[in-house]
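Participant: sequence first, predicted coordinates after that:
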Amino acid sequence: MHLAQTTTDTNDDLFGGFKDFFHSGTWLAIRNVFLFFLVIFWAASAYWVYKDARRRIEDPWLLAMAVALGIFPPFLGPLLYMFFRPPEYLEDVHERELEIKAIEESLGTADRCPVCRAVVDSTFLACPVCTTKLKEACRRCKAPLEPLWQICPYCETPVESPRAVGNL
């Protein structure tokens with residue numbers, strides 16, 4: 001019986017230290033500081049989800065759902081948000097759309113050769129790539145003339161229509 005009592009006393013002494021530590025003021029201070037930082041980290045991660053979602057999501061309802069996802073399953077919500085968030089910022093999407101629009105406009109406004117589609121200047125008489133005749137030249141000043149012009153706007157020389165020349 002004495003041996004059993006000695007083992008019990010040893011176990012009480014061994015675990016008594018742990019028991020005393022968890023009932024001490026030091027443990028309470030450590031626990032409270034840990035919980036404080038845990039709450040701060042949770043609030044910071046929820047704020048990060050809000051800031052990031054505002055830059056990526058235009059629809060207010062989807063924005064609210066993303067923020068709710070970042071808040072309600074604590075610590076797991078921001079990870080889930082990172083998996084399902086839009087891949088790019090709204091600013092990047094708008095910038096890309098503007099670039100595409102500018103490129104489309106620049107392609108549409110450039111004069112092109114009807115044969116080889118090379119970019120040509122409006123003052124060219126012939127395409128420099130395929131030598132296709134693009135415009136007639138004024139017989140007096142050699143300026144390029146538009147097909148519908150009746151007179152050269154540079155030297156006031158009347159334009160002879162190709163039909164009239166061909167019928168003579």
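Facilitator: Great, that's in hand.
Participant: what sits closest to P78 if chain neighbours are left out?
Facilitator: Among residues not flanking P78 along the chain, S45 sits closest, at 4.5 Å (C-beta to C-beta, 6 or more residues apart in numbering). For every residue, glycine as well, the C-beta is placed using N, CA and C.
Participant: that neighbour - that's part of a strand, no?
Facilitator: No - using DSSP: H, G, I helix; E, B strand; the rest coil, the secondary structure at S45 is helix, not a strand.
Participant: can you tell me how far it sits from L79?
Facilitator: 9 Å (C-beta to C-beta, to the nearest Å).
Participant: of those two, who's got more company?
Facilitator: S45 (18 against 12; other C-beta atoms under 10 Å).
Participant: can you pull the contacts of the more buried one?
Facilitator: S45 makes contacts with G70, F75, G77, P78, as judged by C-beta atoms under 8 Å, 6 or more residues apart in numbering.
Participant: from the residues you listed, which ones fall inside strands?
Facilitator: Assigned to strands by DSSP state E, none of the contacts of S45 qualify.
Participant: mind listing what's buried in stretch 62-76?
Facilitator: A66, V67, L69, G70, I71 (16 or more other C-beta atoms under 10 Å).
Participant: pLDDT score for R117?
Facilitator: With respect to pLDDT, R117 has a value of 86.
Participant: what about it, which SS state?
Facilitator: Each residue gets one of three states, and R117 gets coil by three-state DSSP.
Participant: would you mind measuring from it to P128?
Facilitator: 13 Å.
Participant: break the protein into its domains for me.
Facilitator: 2-93, 110-167 (automatic domain parsing).
Participant: Serialize these to a markdown table and add fields for distance to A102.
Facilitator: Converted to a markdown table, the domains of the chain look like this (distance: least, C-beta to C-beta, whole Å):
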| stretch | distance to A102 |
| --- | --- |
| domain 2-93 | 15 |
| domain 110-167 | 13 |
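Participant: please enumerate residues in contact with stretch 104-118?
Facilitator: V119, V120, D121, S122, C127, P128, V129, C130, T132, L134.
Participant: repeat that for stretch 146-158.
Facilitator: By C-beta under 8 Å, 6+ apart, stretch 146-158 touches K135, E136, C138, R139, R140, C141, A143, L145, V159.
Participant: endpoints of that stretch, how far apart?
Facilitator: End-to-end distance for stretch 146-158, by C-alpha to C-alpha, to the nearest Å: 13 Å.
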